[in-house]
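**Student:** following is a predicted model, sequence given first.
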Amino acid sequence: MTQERGKRKARVTPAQIEARRQKEVLLLSRARVQDGLRASQNQRYRDQLTRALADIEEQLSALESVAS
């Protein structure tokens with residue numbers, strides 16, 4: 001029975017582990033920036049957060065295209 005489980009599990013490469021880690025970091029960063037945008041009333045800070053959000057989205061998109 002344990003042999004069957006071992007056969008069904010797909011091996012995860014170090015590159016896949018790193019890609020997952022990067023994605024999690026980017027998703028957490030995006031959530032933090034979005035929270036900042038909701039809370040901030042300072043237009044300059046909101047502009048900075050908007051640029052940061054666009055950069056994070058770009059990185060996520062690039063990561064998704066590499067993973068596919």
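**Tutor:** Arrived safely, thanks for sending. Numbers count the residues shown, from 1 in each chain.

**Student:** going forward, measure contacts and count neighbours with C-alpha atoms only.
**Tutor:** Fine.

**Student:** where does the chain dip in pLDDT?
**Tutor:** 1-7, 68 (pLDDT under 70).

**Student:** if we use 90, what do you get?
**Tutor:** 1-10, 12, 64-68 (pLDDT under 90).

**Student:** what ranges do the helices span in it?
**Tutor:** Taking DSSP state H to define them, one finds helices in the chain at 2-8, 14-39, 43-67.

**Student:** reformat these as TSV; add mean neighbour count.
**Tutor:** What follows is the helices of the chain, written out as TSV (neighbours: other Cα atoms under 10 Å):
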stretch	mean neighbour count
helix 2-8	8
helix 14-39	14
helix 43-67	14
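
**Student:** and Val12, what are its phi and psi?
**Tutor:** Taking degrees, to the nearest 10, you get phi -100, psi 130 for the backbone angles of Val12.

**Student:** any idea how far Ala19 is from it?
**Tutor:** Plainly put, Val12 is 11 Å away from Ala19 if you go by Cα to Cα, to the nearest Å.

**Student:** repeat for Leu53
**Tutor:** With distances taken as Cα to Cα, Leu53 is found 19 Å from Ala19.

**Student:** next one: Gln48
**Tutor:** Gln48 sits at a distance of 26 Å from Ala19 (criterion: Cα to Cα).

**Student:** Asp35 too?
**Tutor:** 24 Å.

**Student:** and what of Arg11?
**Tutor:** 15 Å.

**Student:** kindly report the same for Val25.
**Tutor:** 10 Å.

**Student:** list phi and psi for Asn42.
**Tutor:** phi -80, psi 120.
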